[in-house]
Every structure is written in C-alpha cells, then in structure tokens.
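1. Turn this into a structure:
(chains A and B)
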Amino acid sequence: MERQPRKLFHFHGGVRLDEHKAESNASPIRPMPLLARYVVPLRQHIGTPARALVCVGDTVLRGQVIGAAEGYVSTAVHAPTSGRVTAIEPRAVPHPSGLYDLAVVIEADGEDRAVDPRPLDWPHMDPSALRNRIREMGLAGLGGAVFPSYIKLNPGAPREGAGAIHTLILNGAECEPWITCDDRLMRERAGEVLQGARIMAHMLGVRRILVGVETNKPEALAALRQAADEVTEIVAVPARYPGGGGKQLTYTLTGVEVPAGGLSTDVGIQVFNVGTAYGLYRAVVQGEPLVSRIVTVTGHVARPGNYEARIGTCIHDLLAAAGGCLEGANGEIVGGPMMGFELMDRDAPVTKAVNCVIVKSPVLFPPKPEALPCFRCGACAQACPVQLQPFEMYWYSRTRDFGKAQAYKLFDCIECGCCSYVCPSHIPLVDFFRFAKSEIWERERENQAADQARARHEFRTFRLEREKQEKAEKFAKAAAAAKAKAAAGDPADPEAAKKKAILDAALARAAKAKEEMAAAGIAPKNVDNLPPRVEKEIAEIETRRARVPHPGQEDPHD
Amino acid sequence: MLNAILVMAGIGLALGGILGWAAIRFRVQEDPLVDKIDAILPQTQCGQCGYAGCRPYAEAIAKGEADINLCPPGGEDGIKRLAELLGVDPKPLGEGLESKPKSVAVIDEDACIGCTLCIQACPVDAIVGAAKQMHTILPDQCTGCELCVAPCPVDCIHMEVVKEDLNTWKWRYPIFHMKKVP
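-> Have a look, this model is predicted:
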C-alpha cells in the first residue's frame, strides 16, 4: 500500500553536525559475555529511587525484583543475572557529579538462572493491572530521560482544554552524533519494536502510530517499512540536530507545537523512544523485565559497535568487551557529545539511561578554543530550536539574576547545546543554563523547607500557649473545687466523715488517759531527768503555745 | 445661583460618599512588610540575630530597629534580597556572625538519657522522644539552629554538615578560559 508522502514541518534553528555514525553501525548488536559482578543502582529513573527488597547474602535470579517501585513516579529494578548479593552500598554511578549512589552489588554464580517468564495476555487485560505489571517490570524511557513508562501509558482523563490522546509517535530519529543503538535495534528487531508500539497504542487507545526516523538510517527505515501495518506510518525526517527532541519531532511530523511548559499529551500526542517500545515488547509478550539494553561503544576504542549489555555492567567491562581503549584515549563521554557528560569513574555501571559511551581522544574531541566575550551576534538565537534568546539568558545566568533568566523562559531550554556549538566566541552557554536551572531548583527547595519550618514553629508557639492556658484553667478549676469543698464541709463524703470520727475518738481517748494519769499522780516519764537546755526549750515552746489561739477558741488578739 | 451651588455640592457629597464607601468595601489587603521580610528569612529560628526567632527579627527590621545583615543562615543572598525589598544597599554580614554550611543536629542515641531538654529547646518540633526514652532528630525537619546542643546535660548532640547527594547536587558555576585581547 503506497501512501502519499507526509507533509513535514521545519522546526526553527538546529544545526547540522558530523554524524560519526559509520564507526559503530556497521556490525550487528553483539551480546556481552556473562561477567563476575554487576552493580545495579536503585536510582535509575526520574522520580523516587527504588526501595531495596534484598539483603546482603541473599541469592537472586535473573529478572527477580531487587528494588521495588516507591511512590508514584518510580519503577522497579531487577537482578541482571543469578547470584548472590554481596553488598548494598553507595557506588559510583554514571552522573556528571561523580557522586556515589546506593546500589546492589551482585556476584554472579555463572548459571544465569532466570525467574519464570510471565507473558501477559495484554489485549484482554484490565488496563490498570497491565500498567501495574509494567511498573513492576521496570520499564522507563530508554531514550535517556528514563521517565517511568507506565505513567506515560495511562491515557487518563483528558486535561482541561486538551483532547484525548490520538497519536503515538515512536522516536527513532537518534539525532545525536556517534550514537547508533536505536539504528541497529530498528534494523535488527523492527518487528519487535513495532509490536511494542502496538501494545502502547492499545493502552493509550490511539489508532495512529507515526515512527520518525532520520534519513541517514535507510536500512532502519527499510526494515521498519517491511514490518509496518496499516495503522503504522514510517516517516523519514531530515537529519538535523536536535530533530530527535520529543517536541521537535512532534512538530516535524504533525506541525503541532507543544505549548511552553506543557507536555505533548496536551496536544493529544504521546512520544516514546523505539528502545522503550522494544523493552515493552520484551516485558509484555515475552514476560521478561528490563534487565538489559543496547549501548553504543564508539570513539577511540578497538572494536566500536553496539553491545547488548545487562543493566549493572561496569563501564570498564563494557570498554574491555569493545577491545579496550586505544593509545591516547583521554576520557569518556556518557551519552552523545552534545548532551552527554564526562564519565568520572569507569567503575560506574550501565543503567537504563546509558545509551552510549564515547571514548575521547584529542584528535576526535579537540579542546575548545579559548572563549571571547559575547558580542551579541545572535547566532545562538538563530540556532535555538525552542526560539529562545540564549545570549540574554547567558547574561542573566552569569550575573545570577535568575528571575530575569526565567523571564526569558529559561525552563523551556531543552539543553540541546546548539547555542554553545554555534557560538563564535566559544562561550559554554548551555553550561550556564544548567547552572541557573539547578540554582533555581535549589532555591525552590530552600523556600519549601523554610515554609515548613515556619509552619512548624508557628504551630509550636501556638501549642505552648495552648498548653499554658489549659494548665492555668485546670489549676483554677482545682482551686475553686477545693475552696467549695472546704466551705461546704463536704457532707457528701462519708469516707472523710468516718475518718474524722476515728480521729476525734483517738484524741478524746488520749486526753482522757492523760487526765487519769494526772489524777493518779503519775507524771509522764519522757520529761524526767531532762538536761537544762531541753527544759529551757520546752519552756519556750510552752510560752509560744500559750500565745497561739486554740482551735475552736476566739483569738484573744482579735 | 444658589441652586447651582447646592446641586454641585450635592453631587460632590454623593460622589464623595460613594468613593468613601468603596474604599472601605473594596479595600485591598496589602501584604504587610513584615510578611514580606519574613518570607525572605530562612526560618531556622536560631536566634543568632539576637531576636527570639525569624518573625521577631522581621518585625524589628520592619520597624527600623534592626539591621538587615544579622542573619547568618540567610547568607549573602538573603541580605541581597532584603536590601532589594527595602531599597537599601546590601552590606556584609554583621560583626561576629559567620555563615556556616547547612548542618543538622545528630543525637548519639547510646548516650541519650531521655531528659527531654533538647525537645523543649527545639523551635520546630524536630525532635521526637519522651521522658526516660531515647530521643532522635528528624533530619528533614531540622533547621540546623543548634539550640538543642547547649541544653543537653550529657553532650550527646553534635552538628553534622549536610553532605551533597544526587538529590541536592547542583551544576557548578561554569569556569572557562577567556582569551586575553591585547
């Protein structure tokens, strides 16, 4: 069935880059040998890190959940092979900071036993149950953003002002130079990718699937066209960076612009990476959770290519599988050269977000020339695919005037790096935008903490005041009650009356005994033979007693 | 003539009355200055400024009794924002005050005797415990004010600087070489 070629739209700006795809896309995807040790971080997705479900010493199977999804924006983490958990501790992770993060270390037993796969009867499953299973399968966006997929697969109630989702876009553009993992995946497993897309379309309730692939991947386009059905349209899009950005691809394919600060679902479109579609196929049809992904290893290595690496494979093992770095290598980039970051530690493992490792050399990545001041040529604004004015944002970010930077729509910046690339003064513009964004987020966190502290302090002040008042009221009440009791003589209390009667009787008995003794002429023995000091004291007490009015008598001084 | 004067005066009075009524009826509750100052202060309630908390300090600034540079946890940034709000020049942190990295209090739980003195000192109720029971600090709620450290009779509370993790990590200010133009 031949179709009219789809009308494509031209997004603003962008740059043409040297592709460097041929280095790694010539050979098929290579499997990785089973390694002795895997390091599986619990934070591999956007949102809350997974909660560890295993203890040190536990034995695990491949595909067993070792970290459960925690909270809404989260997804599960699985063991990549069978073996024993030897540590759960902070380890190096692929992150620009080089900071360590909590990871489960698994010593492989070499048997690679798996939990029984549980394929899902997806066409007949309850949508909510299906989404929950996908959450437990650990699916997250494999294009690099690693947002938990089950959330994006929820068509939900249409938001106000937005219709229901009508189109699914599969992103196979792969616009960054050097990276070819999606290219090889589409060439070799096009049927599975499209099967995954059909599951996505079913879950979202959409009837139209668009697959966008850049024209520099003719083999992938051919393979996809071979596997496509009538609801799926494979579209070749011009190779122009950042044509694979979600919003850019949406515009190229449909001419619909996603509103600033909005999501593509606001305009009825959902975008997934082809790798995610493949992962979904594996999870749903084959019942295997996400325990591996395809990673491009390229640049200054002996055998550049694509490797099917288990999640948790240390990057030094990955580089070794690619024949090791060549003479003169000086560092690695994780991700692409435009949006990726410098790897700080080769012990860091492959996570769901790692799509590419590029080994650098001074020839491939010459050091950037020294910068010159900005002379406001506007080249960055012409290159910006979001139509921002990077030179203005740069000025305000540099002087830490973040309010102004935000007024220039800093948060619509997709950090694609086109501005830095075209800048004739070689100013690292995008670094300033990242800096400004994280400063603003930090300030936001501080404000939230301050608000919380204020509320807690105010409540404490109120509580102390309330307790004081309650105490005062209680005392006042008790005092009033005691007074009333004394005034009334409290005839109501038979117990007290009884006690008083006993006391009176005892006193009367003692007085009577004393009188009898005095009548018989017997003096109390305890006043015999007293020393003069004590006798004097007794005399003093007796005179004092004489002055004190006796109960029942009238006070003589009154 | 008299009629004209009366008519004009009547109209004037009527309009004046309407305006006066509207001014009361539709009065806009202006956010008082104290609230705006309080919103900038970091709410640690530490009292390093010499006042009993952030709110009293904000009130003192609003009255003109206190300077804007007495809040170490707010730091330079806080002083800058206060200066901006009040239309005065920013100045360095007051004498004898120093800005410290954000810390939280930690109780050595083995040494704690359960005296509740720290609980009474905490301005934000961030310590849980009861008499003769071990106490512990909620690190997320602790503002690092250090007010619990002094009352502890067994010196089992110390301050720990909050370490950077992946949640709080920030991109650094970019440093790059600028070519010298002769």
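2. So residue 144, which state does it fall into?
-> If you meant another chain, say so; for now it's chain A. coil (DSSP: H, G, I helix; E, B strand; the rest coil).
3. Distance check, it against B:Asp67.
-> Relative to B:Asp67, A:Gly144 is positioned 49 Å away (CB to CB, to the nearest Å). C-beta: built from backbone N, CA, C; applies to glycine.
4. of those two, who's got more company?
-> Ranked by neighbour count (other CB atoms under 10 Å in any protein chain shown), A:Gly144 and B:Asp67 place A:Gly144 first, with 20 against 15.
5. backbone phi and psi for that one, please?
-> A:Gly144 adopts backbone torsions of phi 130, psi -20, taken as degrees, to the nearest 10.
6. for A:Pro390, same thing?
-> Phi and psi for A:Pro390, reported as degrees, to the nearest 10, are phi -60, psi -30.
7. check contacts around it.
-> Taking CB atoms under 8 Å, 6 or more residues apart in numbering or on different chains, we find A:Pro390 in contact with A:380-381, A:384, A:413, A:419, A:429, A:433.
8. repeat for B:Cys152
-> B:115, B:117-118.
9. Just give me the closest of these to chain A.
-> B:Cys118 (13.8 Å; CB to the nearest CB).
10. so the closest one makes contact with B:Thr136?
-> No. The pair B:Cys118 / B:Thr136 is not scored as a contact, 10.3 Å apart, by CB atoms under 8 Å.
11. Give me the common contacts of those two.
-> B:107, B:127.
12. between these two, which one's more packed in?
-> B:Cys118 (24 against 14).
13. By neighbour count, which bits of whichever helix or strand the more buried one is part of are buried? Give me those.
-> Element membership for B:Cys118, per DSSP states H and E: helix B:117-121. For helix B:117-121, a neighbour-count test (16 or more other CB atoms under 10 Å in any protein chain shown) marks B:117-119, B:121 as buried.
14. what is the mean pLDDT for that helix?
-> The pLDDT scores in helix B:117-121 average 94.
15. One more: stretch A:327-334?
-> 94.
16. and that stretch, anywhere near chain B?
-> No. Stretch A:327-334 lies out of reach of chain B by CB under 8 Å from any CB of the partner chain, never closer than 14.8 Å.
17. quick check: domain ranges of chain B?
-> The record's domain split for chain B, according to automatic domain parsing, is B:33-86, B:101-164.
18. Would you mind finding the most buried of those?
-> Of all the domains of chain B, domain B:33-86 carries the top mean neighbour count, a mean of 19, counting by mean count of other CB atoms under 10 Å in any protein chain shown.
19. Now do that one, average pLDDT.
-> 90.
20. next one: stretch A:304-311
-> The average pLDDT within stretch A:304-311 is 96.
21. got the residues of chain A near chain B?
-> Taking CB under 8 Å from any CB, the part of chain A that reaches chain B is made up of A:43, A:93, A:95-97, A:99, A:101, A:368-373, A:427-428, A:431-432, A:434-435, A:437-439, A:441-442, A:445-446, A:449-454, A:456-457, A:459-460.
22. among those, which are in helices?
-> Among those, DSSP state H puts A:431-432, A:434-435, A:437-439, A:441-442, A:445-446, A:449-454, A:456-457, A:459-460 in helices.
23. Return the members of those residues classed as buried.
-> A:431-432, A:434-435, A:437, A:439, A:449-450, A:453-454, A:456-457, A:460.
24. Which of the residues you listed sits closest to A:Lys409?
-> Closest approach between those and A:Lys409, by CB to CB: A:Lys437, at 11.8 Å.
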